[in-house]
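Enquirer: need a structure here:
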Amino acid sequence: MQYRLQGIVIRSMDYGEGNKIITLFTREQGKMSIVARGAKKVKSRFGSTVQLFTLGDFSFFKSGQLGTLNHAEIVEAFHKLREDLHLAANASYLAELTDRMLGDQEGQPYLFEQLKGSFHALLEGKDMQIVVHLYEMKMMMHAGYMPELEQCVICGSKGEAVSFSVGLGGILCETCRLRDPQAIALTPGALKLLRIFVQTDVRRLGQIDVKPQTKALLKQILRAYFDTHAGLRLKSRDFLDQMDRYEI
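Expert: Below you'll find the model as predicted:
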């Protein structure tokens, strides 16, 4: 079958002497993997279009598991994401997260726009950690791992939340907080931001000034929650953690 789709390159790997296999995240068909023959050659017509993060219009024939690229045109190169180490590391994490959490040919127009919007937000100088957390929440909602953030996960109380239970999957009130000794103490500011991550379209994200202590707490909560409920080991996240440790 012949396809002509707009997609974002979320993975690119060498294949044979001169070829590449790229994974596209498309609006209508979700993830699709295709071979770009000769893409590694210096004068290849596909060289720039198959680079990671590129948004393009792709024409390809697909009859089995892999398609064959016939034509590609760049819509947005997002080249600055590849030129800055911190931007590249965060964009790589978003791309790998998408690749690992979506099934093949699972159309997700909203998530497609959120990924594209996240790339724009990174380029616009929005807080990288906030952009990443917002997209992480969208992916967890899609995968069915949405945490309970509106009422106590045990008693249903909508009173003040004082902690977050990773294992139980949501907030705890003062009365129930001792039911999970490992629950993470929660501040009102952190809870407000967690709710913002659920409700906000990344394309409408403004400049948010978040205290370092709050950002550290958000990272602790979301990392622990993701590891417990999604259980994926991502190389790009390991690199982000390494950058944080050594302040690259």
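Enquirer: quick one: the helices in this protein?
Expert: Per DSSP state H, the chain carries helices over the ranges 79-83, 85-101, 109-123, 128-143, 188-199, 212-229, 235-246.
Enquirer: Determine the longest strand present in this protein.
Expert: Longest strand of the chain, by residue count under DSSP state E: strand 2-15.
Enquirer: Mind checking the pLDDT average for that strand?
Expert: Per-residue pLDDT values across strand 2-15 average out to 93.
Enquirer: in its sheet, what does it sit against?
Expert: strand 19-26 (antiparallel), strand 55-62 (antiparallel) (DSSP bridges).
Enquirer: Out of those, which gets nearest to residue 94?
Expert: Using CB to CB as the measure, strand 19-26 is the one of the strands paired with strand 2-15 that comes nearest residue 94, at 10.3 Å. No exception for glycine: its C-beta is placed from N, CA and C like everyone else's.
Enquirer: Compute the inter-axis angle for the closest one and helix 109-123.
Expert: Angle, strand 19-26 to helix 109-123, by axes from the mean of the first three to the mean of the last three CA atoms, to 10 degrees: 110 degrees.
Enquirer: Strand 19-26 to helix 85-101, inter-axis angle?
Expert: Using the same axes, to 10 degrees: strand 19-26 against helix 85-101 is 80 degrees.
Enquirer: Using CSV, list the CA coordinates for strand 19-26.
Expert: Provided in CSV are the C-alpha atoms of strand 19-26 (Å, rounded to 0.1, in the frame of the first residue of the first chain):
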residue,chain,number,x,y,z
ASN,A,19,20.7,2.7,4.4
LYS,A,20,18.8,3.8,7.4
ILE,A,21,15.6,2.5,9.1
ILE,A,22,13.5,5.4,10.5
THR,A,23,10.5,5.3,12.8
LEU,A,24,7.9,7.9,12.0
PHE,A,25,5.3,9.1,14.4
THR,A,26,2.4,10.2,12.1
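Enquirer: how far does it sit from the chain's center?
Expert: 17 Å (CA atoms, centre = their mean, to the nearest Å).
Enquirer: quick one: contacts of it?
Expert: Strand 19-26 is contacted from outside by 5-15, 31-40, 46, 50, 58, 66, 69, 98-99, 102, 107, 112, 115, using CB atoms under 8 Å, 6 or more residues apart in numbering.
Enquirer: tell me, what residue is most central in this protein?
Expert: Nearest to the mean C-alpha position of the chain, counting by CA atoms, centre = their mean, stands residue 94 at 3.1 Å.
Enquirer: just checking, it touches residue 132?
Expert: Yes: using CB atoms under 8 Å as the test, residue 94 is close enough to residue 132 to be in contact (6.7 Å).
Enquirer: Quickly list what's touching both of the two.
Expert: residue 118.
Enquirer: which residue lies farthest from the center of this structure?
Expert: Distance-from-mean max, the chain, by CA atoms, centre = their mean: residue 175 at 35.0 Å.
Enquirer: measure that one to residue 158 for me?
Expert: Going from residue 175 to residue 158 by CB to CB, to the nearest Å gives 13 Å.
Enquirer: returning to what we had before: tell me which residues of the longest strand of the chain come out buried.
Expert: 3, 6, 7, 8, 9, 10, 11, 12, 15 (16 or more other CB atoms under 10 Å).
Enquirer: bridging residues for the first one?
Expert: Residue 3 has the following beta-bridge partners by DSSP bridges: residue 60.
Enquirer: now the last one
Expert: According to DSSP bridges, the residues that bridge with residue 15 are residue 19.
Enquirer: correct me, but it touches residue 34?
Expert: No: applying CB under 8 Å, one finds residue 15 not in contact with residue 34, separated by 10.5 Å.
Enquirer: Find residues that contact each of residue 175 and residue 158.
Expert: residue 152.
Enquirer: Flag the shaky bits of this protein, pLDDT-wise.
Expert: The chain contains residues with pLDDT under 70 at 42-43, 248.
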